[in-house]
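Chemist: for reference, the sequence and a predicted model appear below.
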Amino acid sequence: MSNSHSIVVALGTRPEIIKLAPIIRLLGERARVVHTGQHYDPGLSKVFFDAFGLPEPTYRLEIGGSTRATQLGEATRLIGEHLASEPAAAVVVQGDTNTTAGAALAANATETPLVHIEAGLRSFDRAMPEEHNRIVTDMLSDLCCAPTQVSEKNLLDSGIPADRIAVTGNTVVEAVRTLLPEDRSAYLEGHGVTANGYLLATFHRPENVDDPETLGTILSELAALELPTILPIHPRTRARIESFGLGDQLDRLMVVEPMGFQEFLALSAECAALVSDSGGVQEEVSVLKRPVLVVRRSTERPEVLGTFAERVLPGPEISRIVGQWIADLPALHGRLAAIPSPYGDGDAAELSVTAINQLVGTS
Ligand code: UDP
C-alpha cells in the first residue's frame, strides 16, 4: 500500500491509547501510529500497547514534560513536518489532550482530512485546558465521531453541520470488553482484598492535585472511608504529594504504582465503588456496573450522572456519599446492573472506521 493511503493515528497519553486501540486494530496495516510522547512514563504508555497487542508506534516524537504551550506547538510542528514528508489519507485523533489539539492543527496546516474520535464532549468549564483542546479539534475536524446524542447536540450547537457528524458510541466499551479479565481472583488476592470489600481511587487533574490544601483534603477524605482504598498513584500526583510534604497522608491508603489496564479493570469490576477525577473511568463504570464518585468542578460526561456517577467538590461530601453507598451496597449494585451503558453496544470502532472510509473514499 502506498504510504499516502495510510491513516495517521496520533496519540500521546494513556486514555488515547486505550480508546484508539480498537480503531488501530480495525485499520490494520493502514494505520500509521504516531506517538507524541506526551506521556513518556512506560507505565502509562508501553504497557497499554502491549495489553492490546498493538505493534510499536511507527513514529515516536518527544513533546513530553514541557509546558502546555510547548506541547501544543511541538506536536503541531513535528506532526506537521511528518505529514509534509509522508502524506496520509487522514489523521485520526481522540479526546482532548495537547496531542489531540496539536495533531489537529498539523492536519489542518497540511490539508489532511481530520477525524475526531470522542467528539462533542463539553464540560462548559473554560478553566479546563481539555475543554479548549476538544473545542479546537471539533472545529477543525472533517469528521466528528460523537459517542452519544448529548455530544452530537453539543456539536450541532457549536455550529458544526450534521454531515460532519457520525454518532458512533464510545470505543471504551469494546476496549473494556476486550481486556476485562474473566477470572479476577488473582488480582484481588494480589492486593489482599475481597470482592466488594474495598474502594478504588484515582486522581491526577490539576484542579485536585496542584493545590496543597485541596490535595490534602482529598487524601484525608480517602483515608476516612469505611473500606480500604487502593490508590494507583499517577506520577503527577506523586510528585505533588512529595513537593507539598503530604507523604504521611498516604499511610492509611493502599498506594500502588499505576496499573496495567487489565488489572485496573479487574479491580474496578469487583470494588464497592470508585472515587476518581478521571474521564475514562466515568465511562468504564457504565460497562462494569459500579458507582463512581467524581471529584471535580464539572464533568463533560453528563450521560452517567444520577446513575453510575455522582459529582462532588473536594470536601466532606466524599466520605458522606461513599458512606451512604457502602451502607446500601447490594441494592445499589443491583440497580446499576440493570442500566445499559449510554456509550453504546461495543461497535463504536466499527462505526467510526466505516465513517472514516466514507470520508477518505475507500470502503
Ligand atoms: N487506568 C489504568 N490504570 C490505572 C489508572 C487508570 O489503566 O492505574 C485507566 C482507566 O481505566 C482509564 C484511563 O486509565 O481508562 C484513565 O486515564 P486518565 O485518568 O489518565 O485519563 P482521563 O480518562 O481522565 O482522560
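Modeler: Right, received. Where do you want to start? Residues are numbered from 1 along each chain as shown.

Chemist: give me the residues contacting stretch 191-202.
Modeler: The contact list for stretch 191-202 (Cβ atoms under 8 Å, 6 or more residues apart in numbering) reads 184, 188, 222, 225, 227-232, 234, 253-254, 256, 264, 267-268, 270-278, 281, 322, 329, 333. In short, each C-beta sits where N, CA and C put it, glycine included.

Chemist: filter these by proximity to the ligand?
Modeler: Filtering the contacts of stretch 191-202 for neighbours of the ligand using Cβ under 6 Å from any ligand atom leaves 232, 264, 278, 281.

Chemist: most neighbours among those, please name it.
Modeler: residue 281 (24 neighbours; other Cβ atoms under 10 Å).

Chemist: what helices and strands are in contact with the helix or strand hosting residue 274?
Modeler: Residue 274 belongs to strand 273-276 when elements are defined using DSSP states H and E. Packing contacts for strand 273-276, counted by 3 or more Cβ pairs under 8 Å, 6 or more residues apart in numbering; DSSP states H and E, involve strand 199-202, helix 279-288, strand 292-295, helix 317-327.

Chemist: next SSE after the longest one?
Modeler: So that's helix 317-327. Later in the chain than helix 317-327, the nearest helix or strand by DSSP H and E is helix 329-337.

Chemist: ok, and for that next one, which residues are buried?
Modeler: Using 16 or more other Cβ atoms under 10 Å as the test for burial, helix 329-337 gives 332, 333, 336.

Chemist: now, which of these sits nearest the ligand?
Modeler: residue 336 (17.3 Å; Cβ to the nearest ligand atom).

Chemist: tell me the pLDDT of the residue nearest to the closest one when sequence neighbours are not counted.
Modeler: Nearest non-adjacent residue to residue 336, counting by Cβ to Cβ, 6 or more residues apart in numbering: residue 289, 4.5 Å away. According to the prediction, residue 289 has pLDDT 98.

Chemist: and residue 289, its phi and psi?
Modeler: Note on residue 289: backbone dihedrals following degrees, to the nearest 10 are phi 60, psi 50.

Chemist: and the gap between it and the ligand?
Modeler: Here the criterion is Cβ to the nearest ligand atom, to the nearest Å. By it, residue 289 lies 15 Å from the ligand.

Chemist: restrict the strand holding residue 274 to CA atoms and write it as CSV.
Modeler: Backbone C-alpha positions of strand 273-276 (Å, rounded to 0.1, in the frame of the first residue of the first chain) are rendered in CSV as follows:
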residue,chain,number,x,y,z
ALA,A,273,-17.2,1.9,44.4
LEU,A,274,-14.6,4.2,42.8
VAL,A,275,-13.6,7.7,43.7
SER,A,276,-11.9,9.5,40.8
